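Student: Turn this into a model:
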Amino acid sequence: MTFETFDFGPFTAPRIWTGLWQLSGNAWGSVPVPKIRQGMARHVEAGYTAFADHYGSAEIIFGQFRECLPDAERVVGATKWCLFRPVEPTMEVVRAAVLERIQRMRSQRVDLLQFHWNDYSDKRYLTALERLKDLQEEGLITSVGLCNFDSVRTDEICAQLGPDFIVTNQVQFSLIDTRPLHGMDHVCEKHGLKLLTYGTLCGGFLADRWLDQPEPDLYAGNLTPSQRKYLDMIVKAWGSWELFQSLLRVLRTIGDRHNGLSISNIATRWVLDHAFVGAVLIGVRLGLSEHADDNGRAFGFRLTDTDNQDIDVILHQSNSQRMITTIGDCGAEYRQL
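Tutor: Here you go, the predicted structure:
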């Protein structure tokens with residue numbers, strides 16, 4: 001397997017990261033912690049040396065895992081500081097938030113701290129980021145990124161805080177949600193930051209197992225939280241289940257052109273082919289459902305002009321071009337009151 005990498009801050013990391021949001025609860029299935037750590041070890045051995053997210057016990061389990069590695073420095077851990085309610089970002093408050101993450105991850109510093117601020121009308125997010133910059137200079141943070149910031153605010157932050165401070169922005173990006181193509185791409189190019197994208201496989205719907213399958217019942221109780229989220233987006237915001245099946249058939253045809261690659265490989269490759277994308281975050285049910293070998297097959301090739309033209313035929317029939325206005329820019333769905 002030929003691993004593709006990208007650089008951010010002082011790090012070089014693979015372009016597929018292991019997302020740990022499924023450690024937020026038992027809705028994805030319950031697995032003993034030792035099996036989760038074994039799953040992390042399998043991913044590192046396979047070359048997936050970057051892990052992201054802070055949900056549930058993710059920071060703690062990751063910290064315990066990395067602490068036991070003989071070459072821990074080659075494994076990158078990204079976490080978040082998310083502020084959904086008004087907070088006065090004094091240095092004391094910001095330092096406490098960073099130190100809490102350092103303690104949970106059993107490290108001397110945070111590799112990548114991704115910052116989310118809910119209320120754009122409250123400009124203290126700039127103050128909070130200035131404090132994070134101070135703590136970076138102290139050595140408590142190696143790199144700082146954003147999470148679900150829109151194009152306007154990302155541009156503002158990068159312009160005010162200077163070049164090379166913000167290295168990433170984690171946002172949703174997929175064949176279903178193409179909003180980063182409507183402004184965020186230009187901001188990334190302007191300031192030299194990369195996107196870490198989630199939702200790229202739409203909770204697993206962009207996969208062969210859903211080809212020629214009937215639309216699932218959103219309320220049947222057998223879908224994961226991610227699947228409920230993305231099914232709603234597919235059939236309400238993007239288009240319909242029937243059109244989604246047309247997309248899956250096109251992706252299956254393209255996969256066959258590329259020596260039998262999976263639908264998920266093609267969907268991942270479509271995102272990776274955009275230069276402003278650093279890495280795709282793929283959620284994994286460690287110890288329960290892992291697809292490390294198949295995910296890696298998304299490396300080492302590019303989609304052809306014919307491939308992209310066939311995909312565009314379907315996308316032009318969808319609402320993908322209008323989602324930037326119906327939903328809003330990147331992250332808007334988390335700020336609607």
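
Student: How about the contacts made by residue 234?
Tutor: 176, 202, 205, 241, 244 (C-beta atoms under 8 Å, 6 or more residues apart in numbering). Where you see a C-beta, it was placed from the backbone N, CA and C, and this is true even at glycine.

Student: just residue 275 next, same as before
Tutor: residue 189.

Student: In terms of pLDDT, where does it sit?
Tutor: Residue 275 carries a pLDDT score of 97 in this model.

Student: tell me the SS of residue 155?
Tutor: Three-state call for residue 155 (DSSP: H, G, I helix; E, B strand; the rest coil): helix.

Student: May I ask you to confirm that it is in contact with residue 193?
Tutor: No: between residue 155 and residue 193 there is no contact under C-beta atoms under 8 Å: 10.3 Å.

Student: Among the contacts of residue 234, find me the one that's closest to residue 102.
Tutor: The closest of the contacts of residue 234 to residue 102 turns out to be residue 202 (C-beta to C-beta; 33.5 Å).

Student: Please report how far that closest one lies from residue 284.
Tutor: Per C-beta to C-beta, to the nearest Å, residue 202 is found 15 Å from residue 284.

Student: Save the contacts of residue 234 as JSON lines, and put in pLDDT, distance to residue 220 and secondary structure too.
Tutor: Output for those, formatted as JSON lines (pLDDT from 0 to 100; distance: C-beta to C-beta, whole Å; DSSP: H, G, I helix; E, B strand; the rest coil):
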{"residue": "176", "pLDDT": "98", "distance to residue 220": "21", "secondary structure": "coil"}
{"residue": "202", "pLDDT": "95", "distance to residue 220": "18", "secondary structure": "helix"}
{"residue": "205", "pLDDT": "96", "distance to residue 220": "15", "secondary structure": "coil"}
{"residue": "241", "pLDDT": "98", "distance to residue 220": "14", "secondary structure": "helix"}
{"residue": "244", "pLDDT": "98", "distance to residue 220": "18", "secondary structure": "helix"}
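
Student: any idea which of these is the one closest to residue 54?
Tutor: Looking across those and measuring by C-beta to C-beta, the closest to residue 54 is residue 202, at 22.2 Å.

Student: Not including adjacent chain positions, what is the nearest residue to the closest one?
Tutor: Closest residue to residue 202 apart from its sequence neighbours, by C-beta to C-beta, 6 or more residues apart in numbering: residue 230 at 3.9 Å.

Student: quick one, what contacts residue 269?
Tutor: By C-beta under 8 Å, 6+ apart, the contact list for residue 269 reads 261, 298, 301-303.

Student: ok so, going back, remind me which helix or strand the residue nearest to residue 202 belongs to.
Tutor: helix 225-232 (DSSP states H and E).

Student: List the buried residues for that helix?
Tutor: 226-231 (16 or more other C-beta atoms under 10 Å).

Student: May I ask which of the contacts of residue 269 has the most neighbours?
Tutor: The most crowded member of the contacts of residue 269, judged by other C-beta atoms under 10 Å, is residue 298 (24 neighbours).

Student: do you know how far the closest residue to that one other than its chain neighbours is from residue 19?
Tutor: Closest residue to residue 298 apart from its sequence neighbours, by C-beta to C-beta, 6+ apart: residue 268 at 4.0 Å. In this view, residue 268 and residue 19 are 13 Å apart by C-beta to C-beta.

Student: Now the common contact residues for residue 155 and residue 193.
Tutor: With C-beta under 8 Å, 6+ apart, residue 155 and residue 193 have common neighbours residue 187.

Student: So for the two, which residue has more residues nearby?
Tutor: residue 193 (24 against 18).

Student: thinking that one is in contact with residue 167, fair?
Tutor: Yes: Residue 193 is in contact with residue 167 according to C-beta under 8 Å; the separation is 5.7 Å.

Student: Please enumerate the shared neighbours of the two.
Tutor: Common contacts of residue 193 and residue 167, defined by C-beta under 8 Å, 6+ apart, comprise residue 145.

Student: where in this structure is pLDDT low?
Tutor: The chain contains residues with pLDDT under 70 at 1, 21-31, 285-292, 336-337.

Student: For the one residue sitting closest to the centre of the chain, list each beta-bridge partner.
Tutor: The residue lying closest to the centre of the chain (C-alpha atoms, centre = their mean) is residue 198, at 2.9 Å. Beta-bridge pairing of residue 198 under DSSP bridges involves residue 172.

Student: Packing partners of the helix or strand residue 186 falls within?
Tutor: Under the criterion of DSSP H and E, residue 186 resides in helix 184-191. Other helices and strands packing on helix 184-191, by 3 or more C-beta pairs under 8 Å, 6 or more residues apart in numbering; DSSP states H and E, are helix 151-161, strand 166-172, strand 194-198.

Student: ok, back up a step: show the backbone phi and psi for the residue nearest to residue 298.
Tutor: phi -70, psi -40 (degrees, to the nearest 10).

Student: Distance of it relative to residue 296?
Tutor: Separation of residue 268 from residue 296 (C-beta to C-beta): 10 Å.

Student: Looks like residue 252 contacts residue 263 (just checking).
Tutor: Yes: Residue 252 lies in contact with residue 263 (C-beta under 8 Å); the separation is 5.8 Å.

Student: mind listing what the nearest residue to residue 33 once chain neighbours are set aside touches?
Tutor: Leaving aside its chain neighbours, residue 33 sits nearest to residue 61 (6.0 Å; criterion: C-beta to C-beta, 6+ apart). By C-beta under 8 Å, 6+ apart, the contact set of residue 61 is 20, 23, 33, 36-37, 40.
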